[in-house]
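Engineer: only geometry, no sequence info:
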């Protein structure tokens, strides 16, 4: 190898959203180890500065046309042919030593063209599974519906989950996507899968990719930012009626995040002198939340204010029914705040009796009881354990260094086979 090691990452976003930040953090650590780092990304998201050499093969028009093909032809992931061919041409020019994939879906590239090209290469491909899209007929999550057709290969007609086109019964192609993915992804010679949680690893081991090497690497957070804060009086700033509150945070409040459960919970907590704050609601959701006595905060660009909110809360709530990790749970615990989570998908593996309480999904009375238990024990009972757990398990520098160690290991193994 006559050049510095080259890492190419592929992701829908550049340095924004959870996967964008993960790719950026991996690159920073790789560059400190002497790697050259590149990123190929979509166009629809804002593009903050990046430490990587970046390339955007498509345009916003390409992505809107991809949306149209999805809506009318159920063609999500199989449009954007021209942009994807430009992407593969760029891969040839970069000539990477490792390709690291993050999110391929969300209407920006053609996974068939990409994997047909990757299947001709003899270099390691690492693919981080941030959700369940790769091994289903198109759905990203399926826990709420209880659908397990992906396990026995029966994804097909009348899919009850996947967003389908206007001519659903004529053009729905769930089974086509499932079979195509199974063929393409199983033909990639040097593919290693990364799971962000043990729950997701277990799902992968029941999928058509079960024979692949699967490694769990948790997502990490910046512990220099997310740490206990003892400054501003948040209760006064947001006009809270009580001096105690719980907090829920999401970048997008979808049904899977359990928003209706917060609407039911807030009046019960108010009866015992506990306010509820939700961060990140859109305007319509905020109006409904206000009618249920919930204090709402728009999505915060100032992360330090979010840290203050986490730090002052009695508990960070994650009433989500579908999580492949649960970043807000870890962020809150890093600020010394215990968590209350539902006993489903990946959330329970983040919480121990020393760092919070796990409750049955949808049982609002038990959620209220969990909050009362935390209040009764006193937040200080949990704070040190929450912070210690975050430091030991979710330090971004340690978590993302695991990727670099894996890349080096794969390159060494490749060299032995040459």
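Structural biologist: In hand now; what should we look at? The structure presented is a predicted model; accordingly, all values stated were derived computationally and were not measured.
Engineer: and stretch 372-388, how far apart are its ends?
Structural biologist: Terminal residues of stretch 372-388 lie 23 Å apart, using CA to CA, to the nearest Å.
Engineer: what's the offset of that stretch from the middle of its chain?
Structural biologist: 27 Å (CA atoms, centre = their mean, to the nearest Å).
Engineer: Mind pulling the model confidence for residue 45?
Structural biologist: In this model, residue 45 is scored at 74, pLDDT.
Engineer: Spatially nearest residue to it (excluding sequence neighbours)?
Structural biologist: Closest residue to residue 45 apart from its sequence neighbours, by CB to CB, 6 or more residues apart in numbering: residue 13 at 4.4 Å. Every C-beta, even on glycine, is put in place using the N, C-alpha and C of the backbone.
Engineer: Also residue 102?
Structural biologist: With CB to CB, 6+ apart, the residue lying closest to residue 102 is residue 11, at 3.7 Å.
Engineer: So the residue nearest to residue 45 sits against residue 22, correct?
Structural biologist: No - contact criterion CB atoms under 8 Å: residue 13 and residue 22 do not qualify, at 10.1 Å.
Engineer: Break the protein down into its structural domains.
Structural biologist: Annotated domains of the chain cover 6-220+396-417, 234-393 [automatic domain parsing].
Engineer: Compare those domains and give me the one nearest residue 228.
Structural biologist: Distance to residue 228, taken as CB to CB, is lowest for domain 234-393 among the domains of the chain, at 4.0 Å.
Engineer: model confidence over that closest one, on average?
Structural biologist: Here the average pLDDT along domain 234-393 is 94.
Engineer: do stretch 205-217 as well
Structural biologist: On average, stretch 205-217 scores 96.
Engineer: Flag every buried residue along that stretch.
Structural biologist: 207-209, 212, 214, 216-217 (16 or more other CB atoms under 10 Å).
Engineer: Take these and lay them out in TSV including distance to residue 307 and secondary structure.
Structural biologist: Formatted as TSV, the buried residues of stretch 205-217 follow (distance: CB to CB, whole Å; DSSP: H, G, I helix; E, B strand; the rest coil):
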residue	distance to residue 307	secondary structure
207	37	coil
208	41	coil
209	38	coil
212	38	coil
214	33	strand
216	27	strand
217	24	coil
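Engineer: follow-up on the earlier one: which ones are touching the residue nearest to residue 45?
Structural biologist: Residues in contact with residue 13 (CB atoms under 8 Å, 6 or more residues apart in numbering) are 19-20, 41-42, 45, 103.
Engineer: Which secondary structure element is home to residue 193?
Structural biologist: Per DSSP states H and E: residue 193 is located in strand 191-195.
Engineer: Mind checking what secondary structure the residue nearest to residue 45 has?
Structural biologist: Here residue 13 is recorded as coil under DSSP: H, G, I helix; E, B strand; the rest coil.
Engineer: how much space between it and residue 39?
Structural biologist: 10 Å (CB to CB, to the nearest Å).
Engineer: same check, this time on residue 181
Structural biologist: Distance from residue 181 to residue 39, by CB to CB: 23 Å.
Engineer: Same question for residue 199.
Structural biologist: Relative to residue 39, and taking CB to CB, residue 199 is found at 28 Å.
Engineer: and stretch 364-372, how far from the chain's centre?
Structural biologist: Offset of stretch 364-372 from its chain centre (CA atoms, centre = their mean): 27 Å.
Engineer: Now for residue 304, how many residues are close by?
Structural biologist: By other CB atoms under 10 Å, 12 other residues sit near residue 304.
Engineer: ok, it touching residue 224?
Structural biologist: No - using CB under 8 Å as the test, residue 304 is too far from residue 224 to be in contact (11.4 Å).
Engineer: And the average pLDDT for the strand holding residue 193 is what?
Structural biologist: Here the average pLDDT along strand 191-195 is 98.
Engineer: What pairs with it, parallel or antiparallel?
Structural biologist: Partner strands for strand 191-195, per DSSP bridges, with pairing direction: strand 125-129 (parallel), strand 213-216 (parallel).
Engineer: what's in contact with the last one?
Structural biologist: By that I understand strand 213-216. Contacts for strand 213-216 (CB under 8 Å, 6+ apart): 192-198, 200-201, 204-205, 406.
Engineer: One more: the longest one?
Structural biologist: Judged by CB under 8 Å, 6+ apart, the contacts made with strand 125-129 from elsewhere in the structure are 19, 22, 98-102, 118, 134, 188, 190-196, 200, 204, 217, 324, 403, 406-407, 410.
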